[in-house]
Each structure stands twice: as structure tokens, then as C-alpha cells.
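Chemist: I'd like to go over a predicted model; first the sequence, then the structure.
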Amino acid sequence: MKKHKFAIILLIIGTILVVMGLSLTIYNYMNNKNNENKEMKANILNSYEVFKQNSEKFYDFRSKTYYNEVTINLFPESVETDYDNWLKMLDNYTSLIDEVESSSSKLKKYCLNNTYYPTDDIKNKCEAFVIAYETVVNYYTKDIESFNDNITSYLNTTTKATKIKLYESKYNYVDINSDGNFIGKN
């Protein structure tokens with residue numbers, strides 16, 4: 001009888017210990033997941049603000065400077081005289097797209113191929129990032145392509161020796177979320 005009571009007590013104590021161990025494991029898992037979500041949220045919010053500022057600088061430069069100084073004045077007659085200024089402007093334009101690219105790295109890590117977002121605010125920021133990133137890079141690529149098309153037309157019609165060359169860019173059209181839609185390309 002004593003052995004039977006002792007076995008029951010050991011069984012109860014063992015069950016309690018197993019339940020406590022499972023409870024602690026679940027608690028630690030949930031706590032770690034919560035901390036990861038907080039860290040992801042903070043990283044996305046901070047990175048998005050930097051990305052947004054860089055995107056706004058890009059849009060501002062594109063609409064005020066690039067469009068007014070290059071696009072409007074891009075005529076065959078002005079290529080020889082304005083080409084050096086255009087190159088400087090394109091270099092500035094490229095440095096802005098480089099800033100956008102560097103500020104997007106964490107957002108790419110957290111926002112792409114992620115099916116779980118801790119809050120709707122984070123989901124909205126990630127969706128806005130995808131749209132803005134594609135638009136910025138594709139606008140830039142389209143602008144450089146258009147510039148180069150005009151320079152090609154000039155080079156095909158000129159008979160004089162010239163130092164004028166196409167502008168080289170390391171960027172191509174992007175579809176960052178692989179949805180088959182290149183926002184800003186057309």
C-alpha cells in the first residue's frame with residue numbers, strides 16, 4: 001500500500017513538473033516571438049521613415065531639377081553645349097537613387113516574402129514600400145533610358161567627332177514583389 005501511495009505521489013509530482021516545463025517552454029516561446037515582433041516593427045518603422053525621406057528627395061529632384069533642366073532642354077541643338085551639365089545632374093540623380101537603394105535593404109528583408117505582419121500599420125508600410133521602391137527605380141531607369149535614346153538619336157545624326165556618350169547606369173527595371181507588374185515603367 002505504501003508503495004502504491006508513493007507511486008501515485010511520484011506520478012502526480014511528475015505530471016506537475018511536466019506541465020510546468022511545458023508551460024515555461026510555451027511562455028518563453030511566446031515571449032521570444034513577441035520580442036522578435038517588436039524588433040521587426042521597430043526596424044520597419046525606422047527604416048521606412050529613412051526610405052520615405054530618400055524617396056521624397058528623389059521625387060523632388062526629379063520633378064524640379066531633372067525634368068526642368070534635362071528633359072525640357074533635351075534637343076539635338078543643345079546636346080553639345082549642355083551635355084556636361086546634364087552629366088552632373090544625372091550623377092546627382094544617380095546618387096539619390098543610390099540613397100533610396102541603401103535605405104531599402106532592411107525593408108526588403110522584412111517586407112518581402114513575409115506573410116505575417118504584427119500590425120496593420122506595418123502591413124501598410126510594407127505595401128507602400130513595395131509600390132514606392134518599384135516606382136522610384138523604374139522612373140529612374142525610364143528617365144535614363146529616355147536620355148540615352150535622345151543621345152543615340154543625336155549621335156546618329158551628327159557628323160562631327162564628339163565626346164558625347166550614353167549614360168551608364170547599374171539599375172534596371174524592377175519588379176520587387178514578382179507580381180509581374182513593373183510599377184512606374186510605363
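Modeler: In hand now; what should we look at?
Chemist: in the chain, which helix is the longest?
Modeler: Criterion DSSP state H: the longest helix present in the chain is helix 2-60.
Chemist: please identify the buried residues of whichever helix or strand comes after that one?
Modeler: Downstream of helix 2-60, the first helix or strand assigned by DSSP states H and E is helix 79-103. For helix 79-103, the neighbour count (16 or more other CB atoms under 10 Å) marks 79, 82, 86, 89-90, 93-94, 96-97, 99-101, 103 as buried. Where C-beta positions appear, they are placed from N, C-alpha and C, glycine not excepted.
Chemist: show me how far helix 79-103 is from its chain's centre.
Modeler: Centroid separation for helix 79-103 versus its chain: 20 Å, with CA atoms, centre = their mean, to the nearest Å.
Chemist: got a list of contacts for that helix?
Modeler: By CB atoms under 8 Å, 6 or more residues apart in numbering, the residues outside helix 79-103 that reach it are 47, 50-51, 53-55, 57-58, 61-62, 65-66, 69-70, 73-74, 133, 136-137, 140, 143-144, 147, 150-151, 154, 162-164, 167, 169, 171.
Chemist: could you give the angle of it to helix 2-60?
Modeler: Orientation of helix 79-103 against helix 2-60 (axes from the mean of the first three to the mean of the last three CA atoms, to 10 degrees) gives an angle of 170 degrees.
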